[in-house]
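Novice: the sequence isn't on hand, but the structure is:
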């Protein structure tokens, strides 16, 4: 499949690399066509991996992954272009982390709204699935890093888009039993708010190789 | 031990009942000395169980449990009286749920502050330990309701107070390995924000008998 990964940071790189390893044709998107990180990534991965602007990437992808910083996501997606997102599964892994008040960060949107909902509202023809934002990028693409059973949460308004996201997650190594569908995109409020707990777990346990299992 | 439980709702009742079963001398506190729920609770439990105003309860308790609604907690604790909280372990299980915008609720304090911190700031001589706010009251006092391993989070500024909270949690049935200390009281930001995810898990899984296990 042709996949656009928007974002050239750790998260975008980890996802783009995994997707390329799985045989997908990945275009990494960034603000400028000659982004250094994206250029290096594409040359390291080789094969059909490429890079370009947000617009180039989104136009090329059958699926779009938003791995930009949460505070920049709406701008990045606007640059990608509404027409390049329409009708596509848009997997949003971003968090609206706000470090302006110091560390640890808080979130710039939370409680009665979420970044996932903001993106769905701004791009109503995209099929947004919130996923993977509840863990480090290493765990996203290699769940076995964390011992034992643990879960990945998804939510979104479109059932077929969530089915597509499930397949992608399964290809990353997530067992079917570990994928929990929380319902429509408003559940992103819970998935994003959890990140504030994740930060505290990371600080207290001194490892990012952690995740939650929902016991029930 | 003599324990004050502030709050006469489901959470306060569940905790007060468990504490009485464990042999503690429990005083349930509420706004008025003749609160119906508290009166009924004390007569049903019998023995040394009693009820009274927030002030009566806090004065009687060697440990104080805040099980009032989060939006009313600061007022309830003010009524309890700073001198009745000073030097005591104050276990805060409350969440600042705000349903004014409809269901599911959001939180009235979150992100760069928390109810736990607000309470610690308002009552600097109390030793606030945030605990148990991340689950239903049934699970709080009967962790075995939820199958498998799952965890209870605590945080607070005073180590001895947290040691006391650990003992209480152990007496409720929480194994030592399942008690995760997240550090100082500012970690309440994470514990309280998680409640927005708990609500979504509750809605999607249609059970309150759920909790998280931190895999690592």
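Specialist: Everything's here; your move. Here the structure is a predicted model, which means the values were calculated and not measured.

Novice: next up, phi/psi of the residue nearest to the spatial centre of chain A, please.
Specialist: Closest to where the C-alpha atoms of chain A average out (C-alpha atoms, centre = their mean) is residue A:93, at 2.2 Å. Summarising the backbone geometry of residue A:93 under the convention degrees, to the nearest 10, its torsions are phi -110, psi 10.

Novice: what sits against it?
Specialist: A:11, A:15, A:65-67, A:130-133, A:140 (C-beta atoms under 8 Å, 6 or more residues apart in numbering or on different chains). All C-beta atoms are positioned from the backbone trio N, CA, C, and that covers glycine.

Novice: wasn't residue A:68 part of a strand?
Specialist: No - when the secondary structure is assigned by DSSP: H, G, I helix; E, B strand; the rest coil, residue A:68 falls in coil instead of a strand.

Novice: so what's the residue count around it?
Specialist: Residue A:68 has 28 neighbours, counted by other C-beta atoms under 10 Å in any protein chain shown.

Novice: dump the residue contacts of it.
Specialist: For residue A:68, the set of contacting residues under the criterion of C-beta under 8 Å, 6+ apart consists of A:6-7, A:9, A:12, A:76, A:94.

Novice: okay, and which of those map to strands?
Specialist: When the contacts of residue A:68 are checked against strands using DSSP state E, the ones located there are residue A:6.

Novice: of all the contacts of residue A:68, which two lie farthest apart?
Specialist: In the contacts of residue A:68, two members sit farther apart than any others by C-beta to C-beta. They are A:9 and A:76, at 11.6 Å.

Novice: of these two, which one has the most company?
Specialist: Neighbour count, other C-beta under 10 Å: between residue A:9 and residue A:76, residue A:76 has more, with 21 against 13.

Novice: any idea how far that one lies from residue A:68?
Specialist: Taking C-beta to C-beta, to the nearest Å as the measure, residue A:76 falls 4 Å from residue A:68.

Novice: and the contacts of residue A:68, which is closest to residue A:29?
Specialist: With C-beta to C-beta as the yardstick, the closest approach to residue A:29 among the contacts of residue A:68 comes from residue A:6, at 4.5 Å.

Novice: dig out what that closest one forms beta bridges with.
Specialist: When bridges are taken as DSSP bridges, the partners of residue A:6 come out as residue A:29, residue A:66.

Novice: counting neighbours, what do you get for residue A:202?
Specialist: Neighbour count of residue A:202, defined by other C-beta under 10 Å: 18.

Novice: which parts of chain A are strands?
Specialist: Taking DSSP E as the test, the strands found in chain A are A:2-6, A:25-30, A:50-53, A:63-66, A:89-92, A:97-98, A:106-107, A:127-131, A:152-156, A:179-181, A:211-215.

Novice: what angle do the longest one and strand A:2-6 make?
Specialist: Translated: strand A:25-30. Computed by axes from the mean of the first three to the mean of the last three C-alpha atoms, to 10 degrees, the angle separating strand A:25-30 from strand A:2-6 equals 20 degrees.

Novice: now do the last one
Specialist: With the same axes, to 10 degrees applied, the angle from strand A:211-215 to strand A:2-6 works out at 110 degrees.

Novice: listing partners with orientation, what would you give for strand A:211-215?
Specialist: Listed by DSSP bridges, the sheet partners of strand A:211-215 and their directions read strand B:211-215 (antiparallel).

Novice: tilt between the strand it pairs with and strand B:152-156?
Specialist: Relative orientation of strand B:211-215 with respect to strand B:152-156: 80 degrees, computed using the same axes, to 10 degrees.

Novice: now do strand B:211-215, average pLDDT.
Specialist: For strand B:211-215, mean pLDDT rounds to 98.

Novice: give me the contact list for it.
Specialist: Residues from elsewhere that reach strand B:211-215, judged by C-beta under 8 Å, 6+ apart: A:146-150, A:201, A:205, A:210-216, B:134-135, B:139, B:143, B:146, B:148-152, B:180, B:194.

Novice: what is the distance between that strand and the centre of its chain?
Specialist: In this view, strand B:211-215 has its centroid 19 Å away from the chain centroid, taken as C-alpha atoms, centre = their mean, to the nearest Å.

Novice: check stretch A:88-108 too.
Specialist: How far stretch A:88-108 lies from its chain's middle: 11 Å, per C-alpha atoms, centre = their mean.

Novice: sorry, back to before: quick check, nearest of the contacts of residue A:68 to chain B?
Specialist: residue A:94 (16.7 Å; C-beta to the nearest C-beta).

Novice: how many residues are close by the closest one?
Specialist: 29.

Novice: leaving out the residues flanking it, which one is nearest to it?
Specialist: With C-beta to C-beta, 6 or more residues apart in numbering or on different chains as the criterion, residue A:94 has its nearest non-adjacent residue at 4.3 Å, and that residue is residue A:70.

Novice: report the longest helix in chain A, please.
Specialist: For chain A, the helix reaching the highest residue count under DSSP state H is reported as helix A:188-205.

Novice: is chain B within reach of that helix?
Specialist: Yes - looking at helix A:188-205 against chain B by C-beta under 8 Å from any C-beta of the partner chain, the contacts come from A:189-191, A:193-201, A:203-205.

Novice: just flag the most distant two among those.
Specialist: Of all pairs drawn from these, the widest gap by C-beta to C-beta lies between A:189 and A:205 and measures 24.9 Å.

Novice: the more surrounded of the two?
Specialist: Counting neighbours by other C-beta under 10 Å for residue A:189 and for residue A:205 shows that residue A:189 has the greater number, 27 against 14.

Novice: residues contacting that one?
Specialist: Residue A:189 touches A:110-114, A:117, B:106, B:196, B:200, counting by C-beta under 8 Å, 6+ apart.

Novice: I'd like the residues you listed laid out as TSV, including pLDDT.
Specialist: Formatted as TSV, these follow (pLDDT from 0 to 100):
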residue	pLDDT
A:110	97
A:111	95
A:112	96
A:113	98
A:114	98
A:117	98
B:106	98
B:196	98
B:200	98
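
Novice: distance between stretch A:55-74 and the chain's centre?
Specialist: On the basis of C-alpha atoms, centre = their mean, the separation between the geometric centre of stretch A:55-74 and that of its chain is 9 Å.

Novice: now do the buried residues in it.
Specialist: Within stretch A:55-74, the residues scored as buried using 16 or more other C-beta atoms under 10 Å in any protein chain shown are A:55-61, A:63-68, A:70-71, A:73-74.
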